[in-house]
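Colleague: Next one to model:
(chains A and B)
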Amino acid sequence: MDNSHLSSSQPTKKINWFAFSAPSRFYALTQKVIPLCWFMALSFGIAGLVIGLLYAPTDATQGDSYRIIFIHVPSAWMSMVLYTAMAFWAAIGLIFNARLAYRLSISIAPTGALMTFIALWTGALWGKPTWGTWWVWDARLTTELILLFLYIGYISLYQAIDDERKAAKAASLLAIIGVVNVPIIYFSVKWWNTLHQGATITMTKAPSMESSMLLALLLMTVAFWAYAFAAVFTRTNQTSLIEDHHADWVKTVLTSSKASS
Amino acid sequence: MIWGSFSEFISMRGYALYVWGSFGMTALLMAWEVLQLRKKKRELHLGRDV
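Modeller: Have a look, this model is predicted:
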């Protein structure tokens, strides 16, 4: 497809970020990034799984059940990061009345909900052998469950309203109000005396983990980030192709893909 | 490699249900999301006349 508008119209030194608010430019840029993201998700994921499942030593107290950490922690991080990003783009959408921002926001939601579900599911499967229960109404677990309901509520509200603009506005408001839950999830283990343990890795302290465990966790975290970027950008661009199907750039994209396939 | 045999690895020394239940569900959900996106992509590129 034609990318000439990306390179030629902009000065080389300064990037005009508002240029990317046009769906066509966003599409052209992200279509190049998406394959790289899938590749990173796959390669870092495989490396993380190999190190985490085959080489990281067995935990002295938890045995091999601790290996759940390699997906539990990255998915829990992503659940909060994605919600924050979703609320951020919802706010940008409201402030600037920007369609692409709304589109990005709603595209984040399914992947965010998926990450939240994985965090809860793996938490239950980790809780059973270590705490003796699948579920407790502990502050961390409860607020994470609320996060899942916020994602579902946001998606449902978006779909319930027929008028696209009204739907985006109402759902965005819900997303923004719900963002207060994110710091509550993060600090819940500090504020309340909960069953869920505190953070293993923080910005201020050196991590209290064996190095191969830490390496596996970092690789899996990169893999989950890359996966989220790839899935979200793919969904955003698909939504652009559907909603802007009358636009010339969409016709060009679809014609060229048909010709090449 | 920390495992003596393949069966020991599969058994996760008693935690197979929890470990494979976690990794399995994650793989399943991610594969499902990727398949949904691919399905949509096929519909978009082949289904519409332009």
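
Colleague: Nearest residue to the middle of chain A?
Modeller: Centre of chain A computed as the mean C-alpha position; nearest residue by Cα atoms, centre = their mean is A:L82, 3.8 Å away.

Colleague: so that one touches A:A228, yeah?
Modeller: Yes. Using Cβ atoms under 8 Å as the test, A:L82 is close enough to A:A228 to be in contact (6.2 Å). For every residue, glycine as well, the C-beta is placed using N, CA and C.

Colleague: list the residues that contact both of those two?
Modeller: Common neighbours of A:L82 and A:A228, using Cβ atoms under 8 Å, 6 or more residues apart in numbering or on different chains, are A:T111, A:M115.

Colleague: circling back: Provide the backbone phi and psi angles at the residue nearest to the centre of chain A.
Modeller: Main-chain torsions, A:L82, degrees, to the nearest 10: phi -70, psi -40.

Colleague: try A:T61
Modeller: Recorded main-chain torsions at A:T61 are phi -100, psi -40, according to degrees, to the nearest 10.

Colleague: What of A:D162?
Modeller: The phi/psi pair for A:D162 (degrees, to the nearest 10) is phi -70, psi -50.

Colleague: ok, now A:D59?
Modeller: The main-chain torsion angles of A:D59 are listed as degrees, to the nearest 10 and equal phi -70, psi 140.

Colleague: Identify each buried residue in the helix or strand where B:E33 lies, please.
Modeller: Under the criterion DSSP states H and E, the helix or strand holding B:E33 is helix B:16-47. Judged by neighbour count (16 or more other Cβ atoms under 10 Å in any protein chain shown), helix B:16-47 contains these buried residues: B:18-19, B:21-23, B:25-26, B:29-30, B:33-34, B:37, B:40, B:44-45.

Colleague: And for stretch A:125-139?
Modeller: Along stretch A:125-139, these residues count as buried under the neighbour rule (16+ other Cβ under 10 Å): A:L125, A:W126, A:G127, A:K128, A:P129, A:T130, A:D138, A:A139.

Colleague: CSV please, covering those residues and showing secondary structure and distance to chain B.
Modeller: Compiled in CSV, the buried residues of stretch A:125-139 are given as follows (DSSP: H, G, I helix; E, B strand; the rest coil; distance: Cβ to the nearest Cβ, whole Å):
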residue, secondary structure, distance to chain B
A:L125, helix, 5
A:W126, helix, 7
A:G127, helix, 9
A:K128, helix, 6
A:P129, helix, 5
A:T130, helix, 9
A:D138, coil, 18
A:A139, helix, 22
